[in-house]
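[1] My questions are about this predicted structure, shown below with the sequence.
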Amino acid sequence: MKVLIYSAKGFEIPYLKKANSGKHKLTFIEEALSSQTAEKAVGFDAVSIFSADEACFITVEKLKDFGVKYITLRSVGHDNVNLRAASRVNIRVANVPAYSPFAIAEHAAALLLALNRKLIESNYRVSHYNFNLDNLVGMDLNHKTVGIVGTGKIGSVMTKIMHGFGCKVLGYDIKEDAQLKEQFQIDYVPLLELCQKSDIISLHIPLNSDTHQLINKDVISEMKDGVILINTARGSIIETSDVIAALRSGKIGALGMDVYENEKAIFFKDRSQNVPDDNLFIKLNAMPNVLITGHHAYLTNEALTNIAETTIYNLDCWDSGKETENELTDLSGS
Ligand code: NAI
């Protein structure tokens, strides 16, 4: 199969080549898929995309016209693909449903630890030979309450990690996980109750019409003063300007984020010579109690290996006329 890999990054190409071992003809390009770049897929059977690519209605229609039959995502989240449009034109879509929930949950925990113990500020001071300890006070995580919003694959690992720190874990999800209740004594509560009781809130739900800007000023007003909010899920799950206002007022004590609502226009490229003209991002970046990583929670050897192997597996299935169990339909809801 001839496959065009959009948004190919140098670090992932060796993993994809190794998993492919010459089976498919892979072509790597740096550009993201969009309605403008769809024409690059002329002559390809399949395209592979990541989270910054946009397979909207128009793009999907163009891909179909150019002869593309398959889209395989190198991500869990698929909010960037119009599945209904793809199904209408018979383009089959698959994702990597689980490549390493550990990578993401451990990154969420890393953001939390760094914010709580002010590691970035502390390291900055030490690197300037400033050993003053003022304003570096954090809190013990032991016995604190952590609210996990979305207790699926990643949220489950986060539950285990936080339980290991001695935290009480509250969960909010549309379906409860009996094993988490038994193993880690997680208590499922409504979202507002989770907000009222949690010292730390970590988001692990998919972005969809129900979760878009779920964390807005009304929900934030229910949170404890000084709560630490961690978002490694999708940027648009939070209403960024409401979160900035809450960071300013001290309602939110700190924010750790690996995702940002306008990240498609900013992340994944060196923009140091042409700083993005994005006021929300500039405000967040300027705040000492905000720690931002550029959607790199998935960057572990294990995750990259699994992403590559599942991507090639999806292509293998289609190439041999089979369905892959990773196929997505417009009814999948996330
Ligand atoms: P998952 O599907 O295993 O878990 C999602 C959980 O959210 C499920 O338990 C589901 O019932 C729950 N949920 C869905 N809609 C909900 C709603 N409206 N209200 C409450 N709960 C709801 O997914 P997984 O693997 O845990 O990933 C979660 C999200 O993390 C992905 O959708 C993706 O957007 C994001 N992600 C981010 C990465 C990064 O590099 N920063 C990498 C991988 C995933």
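    Everything's here; your move.
[2] low-confidence ranges in the stretch 51-200 of the chain?
    Counting by pLDDT under 70, the stretch 51-200 of the chain shows no low-confidence range.
[3] at 90 instead, please
    Applying pLDDT under 90 to the stretch 51-200 of the chain flags the ranges 51-52.
[4] Most proximal residue of it with respect to the ligand?
    The minimum distance from the stretch 51-200 of the chain to the ligand, using CB to the nearest ligand atom, falls at G152 (1.7 Å). For glycine as for every other residue, the C-beta is placed from the backbone atoms N, C-alpha and C.
[5] Check the gap between that residue and K175 for me.
    Here the criterion is CB to CB, to the nearest Å. By it, G152 lies 9 Å from K175.
[6] between the two, who's got more neighbours?
    Neighbour totals were compared for G152 and K175, and G152 leads with 18 against 8 (other CB atoms under 10 Å).
[7] Okay, strands next: where are they in the stretch 101-250 of the chain?
    When assigned using DSSP state E, counting those that start in this stretch, the strands of the stretch 101-250 of the chain occupy the ranges 145-149, 168-172, 187-188, 200-203, 227-231.
[8] Take these and write them to JSON lines, including distance to the ligand and mean neighbour count.
    Output for the strands of the stretch 101-250 of the chain, formatted as JSON lines (distance: least, CB to the nearest ligand atom, whole Å; neighbours: other CB atoms under 10 Å):
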{"stretch": "strand 145-149", "distance to the ligand": "7", "mean neighbour count": "26"}
{"stretch": "strand 168-172", "distance to the ligand": "6", "mean neighbour count": "23"}
{"stretch": "strand 187-188", "distance to the ligand": "10", "mean neighbour count": "16"}
{"stretch": "strand 200-203", "distance to the ligand": "8", "mean neighbour count": "27"}
{"stretch": "strand 227-231", "distance to the ligand": "9", "mean neighbour count": "25"}
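[9] In a markdown table: those strands, plus distance to N123.
    Below are the strands of the stretch 101-250 of the chain laid out as a markdown table (distance: least, CB to CB, whole Å):
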| stretch | distance to N123 |
| --- | --- |
| strand 145-149 | 25 |
| strand 168-172 | 29 |
| strand 187-188 | 36 |
| strand 200-203 | 22 |
| strand 227-231 | 19 |
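[10] quick one on the thing from earlier: now the residue of the stretch 51-200 of the chain closest to the ligand: phi and psi?
    phi -80, psi -140 (degrees, to the nearest 10).
[11] For it, which residues are in contact?
    Applying CB atoms under 8 Å, 6 or more residues apart in numbering, we find G152 in contact with 173, 204-205.
[12] restrict those residues to those near the ligand?
    173, 204-205 (CB under 6 Å from any ligand atom).
[13] Could you rank the residues you listed by neighbour count and give me the top one?
    The most crowded member of the ones next to the ligand among the contacts of G152, judged by other CB under 10 Å, is H204 (27 neighbours).
[14] Pretty sure it sits against I148.
    Yes: counting by CB atoms under 8 Å, H204 touches I148, with 6.3 Å between them.
[15] dump the residue contacts of the spatially most central residue of the chain.
    Centroid-nearest residue in the chain: A233, 3.9 Å away (criterion: CA atoms, centre = their mean). Going by CB under 8 Å, 6+ apart, A233 touches 77, 150, 154, 203-207, 259.
[16] Flag every residue of the protein that's near the ligand.
    Residues of the chain lying near the ligand (CB under 6 Å from any ligand atom): 76-77, 98, 101, 104, 150-155, 172-175, 204-207, 210-211, 232-234, 258-259, 295, 297-298, 334.
[17] just the buried members of those?
    76-77, 101, 104, 150-155, 172-173, 204-207, 211, 232-234, 258-259, 295, 297-298, 334 (16 or more other CB atoms under 10 Å).
[18] Okay, and which of the residues you listed map to helices?
    Counting by DSSP state H, those place 101, 104, 153-155 in helices.
[19] Pull the most distant pair out of the residues you listed.
    Between any two of these, the greatest separation by CB to CB is 9.6 Å, found for I104 and G155.
[20] Spit out the residues that contact the two alike.
    Common contact partners of I104 and G155 (CB under 8 Å, 6+ apart): H204.
[21] Identify the residue nearest L136 in space, chain neighbours excluded?
    Using CB to CB, 6 or more residues apart in numbering and skipping the chain neighbours, the partner closest in space to L136 is K118 (4.8 Å).
[22] That'll do, ta.
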